[in-house]
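In: Got a sequence here, can you model it:
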Amino acid sequence: MTDLPIAVNTFVWHSPLTDELLATTLPQIAGWGFDAVELPLENIGDWDPGATSALLSESGLRCVVGAVFGPGRELAAADPVTIDDTKRYVRAAVDAAARVGAAMVIGPMYTSVGRTWRMSPPEREATLRELRDSLAECAEYAGQRGIALAVEPLNRYETSLLNTAAQTRELIEDLPGNVGLNLDTYHMNIEERDLRAAFRVAGDRLLHLQVCGNDRGAPGHDLQNWPLIRDCLAEISYRGMLGIESFTADNASIATAASIWRPLAESQDVLAVEGLRFLREWRDGRP
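Out: Residues are numbered from 1 along each chain as shown. I've put the predicted structure just below:
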């Protein structure tokens, strides 16, 4: 566990991410001692992968690219044009990942965040079958470029499709090996009845773990059972990143999407630095 890289998502400060913001944010993140960064790609062209690659190299940071499924991004339960457009977006995220040297694209790659609807069992199975077909196509493209796709289940208020590790593992079970899971302790705290069972289900298909408090703030100052989570990761020999994902309340659209109605720390910088401090101690077995 002691060598797991600790990352932070730029959503802590910015939305959307731009080249200008990256030029100041990446050196700051590296200066604090983070090992890596999660780079959300809200829209194709928001930031330049070539320039970002150079910044990452200068800062000594590793990275993953975050797929952002806002309104209208659907890999299932939508019209063919929308699904094709979304596949094109995922391919662009894969291309960005390849250019910046990221090993994977992470995120809720299925239907738009916030989209919830009731489904009968047959309707649900048909939707998951369509999603599996879409992901298989995206995985083939990603695999040809050496990129993995890590699919993230979200809580019930943000999606009605994939809420748990077990649901996501079942979805990807027969997909290529470059498709895995991106779990998030915030969502797990809401949806999982047994954290140990959830991590065991994810097993060697867990590619990325996002870590934040049960209130979506900094890890450590919250009610999460962090010693248990550490034990679970050791049990499954997890070798990926630990990514702090929180959000700024200063951007109206992202604050509404993530339900951030109040500050979660004295400042966003404090949130990141305090989260890093806790994760270093926790990762190394203290407390």
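In: Name the secondary structure element that contains Pro40.
Out: strand 36-41 (DSSP states H and E).
In: List the pairing partners of that strand within its sheet, with orientation.
Out: Strand 36-41 sits in its sheet next to strand 6-9 (parallel), strand 62-67 (parallel), going by DSSP bridges.
In: Who are the packing partners of the helix or strand following that strand?
Out: Sequence order places helix 49-59 as the next helix or strand after strand 36-41, per DSSP H and E. Where contact means 3 or more CB pairs under 8 Å, 6 or more residues apart in numbering; DSSP states H and E, helix 49-59 is packed against helix 19-32, helix 80-100. Heads up, the C-betas are built off the backbone N, CA and C, glycines and all.
In: Throw the ones you listed into a markdown table and include mean neighbour count, mean pLDDT and distance to Gln144, thanks.
Out: Output for those, formatted as a markdown table (neighbours: other CB atoms under 10 Å; pLDDT from 0 to 100; distance: least, CB to CB, whole Å):
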| stretch | mean neighbour count | mean pLDDT | distance to Gln144 |
| --- | --- | --- | --- |
| helix 19-32 | 16 | 98 | 27 |
| helix 80-100 | 19 | 98 | 9 |
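In: Among these, which comes closest to Arg129?
Out: Among the helices and strands packed on helix 49-59, the nearest to Arg129 by CB to CB is helix 80-100 (13.1 Å).
In: Might you calculate how far the closest one sits from the centre of the chain?
Out: Centroid displacement of helix 80-100 relative to its chain, using CA atoms, centre = their mean, to the nearest Å, is 16 Å.
In: Can you dump the C-alpha atoms of that helix in PDB for me?
Out: In PDB, the C-alpha atoms belonging to helix 80-100 read as follows (Å, rounded to 0.1, in the frame of the first residue of the first chain):
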ATOM      1  CA  PRO A  80     -28.700   6.000 -32.500                       C
ATOM      2  CA  VAL A  81     -27.300   9.500 -33.300                       C
ATOM      3  CA  THR A  82     -26.800  10.300 -29.600                       C
ATOM      4  CA  ILE A  83     -25.200   7.000 -28.900                       C
ATOM      5  CA  ASP A  84     -22.800   7.400 -31.900                       C
ATOM      6  CA  ASP A  85     -21.900  10.900 -30.700                       C
ATOM      7  CA  THR A  86     -21.200   9.600 -27.300                       C
ATOM      8  CA  LYS A  87     -18.900   6.900 -28.600                       C
ATOM      9  CA  ARG A  88     -17.100   9.600 -30.600                       C
ATOM     10  CA  TYR A  89     -16.600  11.500 -27.300                       C
ATOM     11  CA  VAL A  90     -15.200   8.400 -25.600                       C
ATOM     12  CA  ARG A  91     -12.800   7.800 -28.400                       C
ATOM     13  CA  ALA A  92     -11.700  11.400 -28.100                       C
ATOM     14  CA  ALA A  93     -11.100  10.900 -24.400                       C
ATOM     15  CA  VAL A  94      -9.100   7.700 -25.200                       C
ATOM     16  CA  ASP A  95      -7.000   9.700 -27.700                       C
ATOM     17  CA  ALA A  96      -6.400  12.400 -25.100                       C
ATOM     18  CA  ALA A  97      -5.300   9.700 -22.600                       C
ATOM     19  CA  ALA A  98      -2.900   8.200 -25.000                       C
ATOM     20  CA  ARG A  99      -1.300  11.600 -25.800                       C
ATOM     21  CA  VAL A 100      -0.800  12.600 -22.200                       C
END
